[in-house]
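**Student:** just coords:
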């Protein structure tokens, strides 16, 4: 991954976790200036620090951080995925059924807003 892409993803995950560069720095033993440098591509964390950052940002593995095929999720999308993952199988099936119902009712991106 090019430096700019890693920088972009580090900033994305920090913001997704509602943290400042100073909070991240304190959590990992670095300065806010260092975190900022990583997020702007002026520096890069080493492999050990990437693992620490993944844990801090609730990323399952460094491979997920580098997951080029996986687009970055919005806060709402991440909330939906986290909610889905926290449900048992029955709950997951119900959530998928509800999503299908919303699509059938016309709640489709790009169309006029629907009223319940």
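**Tutor:** Now that the structure is in, tell me what you want to look at. For clarity, every value in this text was computed on a predicted model and none was experimentally measured.
**Student:** Mind splitting the protein into its structural domains?
**Tutor:** Each domain of the chain is listed here as a residue range: 3-65, 73-116, per automatic domain parsing.
**Student:** Buried deepest among those, which one?
**Tutor:** Across those, averaging neighbours per residue (mean count of other C-beta atoms under 10 Å) puts domain 3-65 on top, at a mean of 15. Yep, even glycine has a C-beta here, placed from its N, CA and C like the rest.
**Student:** ok, longest helix in this protein?
**Tutor:** helix 89-104 (DSSP state H).
**Student:** By mean pLDDT, which helix or strand of the protein comes out lowest?
**Tutor:** Lowest by mean pLDDT, DSSP states H and E among the helices and strands of the chain is helix 62-65, with a mean of 78.
**Student:** ok now it, how far from the chain's centre?
**Tutor:** Taking C-alpha atoms, centre = their mean, to the nearest Å, the mean C-alpha location of helix 62-65 is offset from the chain mean by 11 Å.
**Student:** start the count at 4, not 1, going forward
**Tutor:** Noted, 4 is the first residue going forward, which turns the last one into helix 65-68.
**Student:** on contacts alone, who are the packing partners of that helix?
**Tutor:** With contacts taken as 3 or more C-beta pairs under 8 Å, 6 or more residues apart in numbering; DSSP states H and E, helix 65-68 sits against helix 6-19, helix 50-59.
**Student:** Pick out the shakiest of the ones you listed, pLDDT-wise.
**Tutor:** Among those, helix 6-19 has the lowest mean pLDDT, at a mean of 89.
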